[in-house]
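Q: Fold the following, please.
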Amino acid sequence: MKRFSEWSLRTKLSLLVACASSAGLVAAFGAIAANEIRTFAPRARENLISQAASIGFHASTSLVFGDDEDAAYTLEALGLSRDIVAAALYTAEGTVFARYRRGTAPDSFIPDHPAEDGCRFLGRHMAVYQAVMHEGERVGTVYLLSDLGGVYTLLVRYLQVAAILILAGIVVALIASTFLSRIISAPIYSLVNVAENVTRRKDYTLRAEKRANDQIGVLIDAFNEMLARILERDNELQRTQSELEVRVRQRTSELEAINRSLSEEVDARRTVEAQLIVARDRAESANRAKSTFLANMSHDLRTPLTAVIGYSELLEETARDQGLTQYVEDLRRIQVAANHLLTLLSDLLDLSRIEVGRMELQAETIDLPRFMREFEATSRPLCDINRNRFTVVCAPDARTIFTDRTRLRQVLYNLVSNAAKFTKRGDVRLEIDRVNSEQPESLRFAVRDTGIGMTPEQMSRIFEPFVQAEPTTALTYGGSGLGLAICKRCCELMGGSITVVSTPGQGTTFTVLLPRQVLHTEPAGGLEGHGLKAQGEGTSP
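A: Sure thing, here's the model as predicted:
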């Protein structure tokens, strides 16, 4: 039997075309089948878990209030799903609260007690147990049993159809390759015969016959032209050999000069890169030293300021008791100035902590309606100063959020304080709602006012530290220019963002977007990462 290298060109072409076509078909259908098999179990598990989560969400109230009729009605909705053969709701104590069976499904499909939470395959069935939560507490368990027989049957039919299509494609590829190989190989055989005669007889007058204007026809034209110019090329080669040697020497010298020039340029570039790296390292070191100095300085100044506030309050109380009312106003001014300076140092300390990466989140599950009531009570006096109307609107579906309570209050307090400061006899409104299109699910906090507003140029720099929208703002309204910078960095630390929309003379809207459950944090303008600490168990809202 001949080796493959000894086979004729026509046979090789036929075999290669057929193999390539067949391999493409097999690979395509194999990839599709492998993907279907690989993704079948995860898709089925994900769909079943989603159904369990939906049933648990709708049945949580029924479990809390003991409404078994409503729970049974919720389970009856599973009749619309062809795969679910059995379902049950268990109480927190593990007893059956409500059950559902499709058709003649046996009672054994519904266990008397729930198993551990999770998803598991049971032969031709898949079962899932999932906790039912209500306001952060487990009130029961939902159980679903899905029949996978229909899916297996559909998968087997798909594989059978794929096999038939692959075999048909292989047969068609063999027929087409045989026909095409003859068309391609015929002019090549003719060219080979002419080349053999020229080599054997040394007769350069022979010419190959051109049958088409394709690439092989171009090859035949080139071959015939080559035969006509072989003698001429031999003479030309001899004459130009010496010229080529001279040109090669010249070109070699030029390349050596270019190589030396490139080497010098590379060395210079490396030197500049090394200098830039040194400069960058120095700048980063200086920035870290600056942030550390600010943090230490702010901390050291807070202690005497706290003492000044305490002593001024004590002196004010003593002056009132002794009837020295002429000193009360001066002592109040001391307290106001000291509190203002203490607030500025606190902002400066927070900003420096964020920049050096020392601020950590203390994450916990927050009851938003209660949190908003407390926040409204503490923030309303800010709006009363300029006789503004303060309104807080919390959407019914925005119930909880898992994040840092202190940083959330700090961000909202700064935004409401700014809105109240730049609005007189107007409206300040805080709105909270869900943003379902975000991944992960997020909550939106919008602070709207009807104050003086800002221009696009002013909005472009309000989040920079120590910068205010207008240079005269500090003289007219006060402030240090740190509040919004801290708000931006705190939002980034909590995994969210802050944006602003404003129209001069009509008002401003600050929008804070935060994930409902903060899982990790990214550096918020600092040189190092930040940490996340959970308070108790953090559950997804």
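
Q: Tell me which helix or strand in this protein has the weakest average pLDDT.
A: Within the chain, no helix or strand scores below helix 473-477, which has a mean of 48 by mean pLDDT, DSSP states H and E.

Q: Now the helix or strand where R247 lies: average pLDDT?
A: Assigning secondary structure by DSSP states H and E places R247 in helix 215-321. The predicted model assigns helix 215-321 a mean pLDDT of 79.

Q: Please report the distance of I486 from A338.
A: With distances taken as CB to CB, to the nearest Å, I486 is found 21 Å from A338. The C-beta positions use only the backbone N, C-alpha and C, and glycine is treated the same way.

Q: And L159, by the same measure?
A: Spatial separation of L159 from A338 under the definition CB to CB is 80 Å.

Q: more crowded one of the two?
A: When L159 and A338 are compared on other CB atoms under 10 Å, the one with more neighbours turns out to be A338, at 20 against 14.

Q: hang on, isn't the more buried one packed against G310?
A: No: if you go by CB atoms under 8 Å, A338 and G310 don't touch, sitting 9.5 Å apart.

Q: mind showing which ranges of the stretch 301-450 of the chain have poor pLDDT?
A: Confidence mapping of the stretch 301-450 of the chain against pLDDT under 70 gives the ranges 301-302, 305, 311, 332, 335-337, 339-359, 437-440.

Q: Starting from the least confident helix or strand of the chain, tell me the next helix or strand along the chain.
A: helix 483-493.

Q: quick one, phi/psi of K424?
A: phi -130, psi 130 (degrees, to the nearest 10).

Q: what about the nearest residue to it once chain neighbours are set aside, how many neighbours?
A: Nearest in space to K424, with sequence neighbours left out and distances taken as CB to CB, 6 or more residues apart in numbering, is N386 at 4.5 Å. Using other CB under 10 Å, N386 has 15 other residues around it.

Q: where's N386 relative to F375, distance?
A: Taking CB to CB, one finds N386 at 19 Å from F375.

Q: what residues are up against T509?
A: Contacts were defined as CB atoms under 8 Å, 6 or more residues apart in numbering; by that measure T509 touches A446, V447, R448, D449, V500, V501, S502.

Q: can you give me how far the helix or strand encompassing it is from the chain middle?
A: Using DSSP H and E, T509 falls within strand 507-515. Its chain's C-alpha centre and that of strand 507-515 lie 20 Å apart, by CA atoms, centre = their mean, to the nearest Å.

Q: And the average pLDDT for it is what?
A: Looking at strand 507-515 alone, the average pLDDT works out to 94.

Q: how about the helices in the protein?
A: For the chain, the helices identified by DSSP state H occupy 9-65, 68-76, 149-201, 215-321, 328-356, 368-385, 405-421, 456-459, 473-477, 483-493, in order along the chain.

Q: which one of the ones you listed is the most hemmed in?
A: Ranked by average neighbour count under the criterion mean count of other CB atoms under 10 Å, these are headed by helix 483-493 at a mean of 23.

Q: For that one, give the mean pLDDT please.
A: So the average pLDDT for helix 483-493 ends up being 86.

Q: Now T455: closest residue in space that isn't a chain neighbour?
A: Spatial nearest neighbour of T455, excluding adjacent residues (CB to CB, 6+ apart): P504 at 5.6 Å.

Q: That neighbour touches E457, doesn't it?
A: No: applying CB under 8 Å as the test, P504 and E457 come out as separate, 10.7 Å apart.

Q: Give me the local confidence score for S8.
A: S8 is assigned 64 on the pLDDT scale.

Q: how about low-confidence regions in the stretch 51-200 of the chain?
A: Low-confidence segments of the stretch 51-200 of the chain, defined by pLDDT under 70: 149-155, 177, 179-185.

Q: could I get the contacts of T509 as CSV with neighbour count and distance to A31?
A: Output for the contacts of T509, formatted as CSV (neighbours: other CB atoms under 10 Å; distance: CB to CB, whole Å):
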residue, neighbour count, distance to A31
A446, 18, 48
V447, 23, 52
R448, 19, 53
D449, 26, 57
V500, 18, 49
V501, 14, 48
S502, 21, 53
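
Q: Run through the residues that contact the closest residue to I498 other than its chain neighbours.
A: Take I498 and drop its neighbours on the chain: the residue closest to it by CB to CB, 6+ apart is C491, 4.6 Å away. Contacts were defined as CB under 8 Å, 6+ apart; by that measure C491 touches V411, S497, I498, V512, L513, L514.

Q: Neighbours of the fifth one, how many?
A: L513 is surrounded by 17 other residues when neighbours are defined as other CB under 10 Å.

Q: Then N388?
A: By the other CB under 10 Å criterion, the neighbourhood of N388 contains 24 residues.

Q: Roughly how far does R229 sit from R200?
A: 21 Å.

Q: ugh, wrong one, I meant G136
A: According to CB to CB, G136 stands 95 Å off from R200.

Q: now swap in I220 and tell me
A: When distances are taken as CB to CB, I220 and R200 turn out to be 19 Å apart.

Q: same deal with I334?
A: From I334 over to R200 (counting by CB to CB), the distance is 117 Å.

Q: same check, this time on L493
A: Here L493 is placed at a distance of 85 Å from R200 (CB to CB).

Q: Correct me if wrong: V328 contacts L315.
A: No: because the distance of 9.3 Å does not satisfy CB under 8 Å, V328 is recorded as not touching L315.

Q: For the residue nearest to A44 when sequence neighbours are not counted, name its beta-bridge partners.
A: What sits nearest to A44 in space, not counting adjacent residues and going by CB to CB, 6+ apart, is M126, at 6.0 Å. Assessed by DSSP bridges, M126 has beta-bridge partners F121, S146.

Q: ok, now which ones touch M126?
A: Contacts of M126 were listed using CB under 8 Å, 6+ apart, and they are A44, R45, L48, C119, R120, L145, S146, L148.

Q: from memory the fourth one sits against Q51, does it?
A: No: C119 lies out of contact with Q51 (CB under 8 Å); the separation is 11.3 Å.
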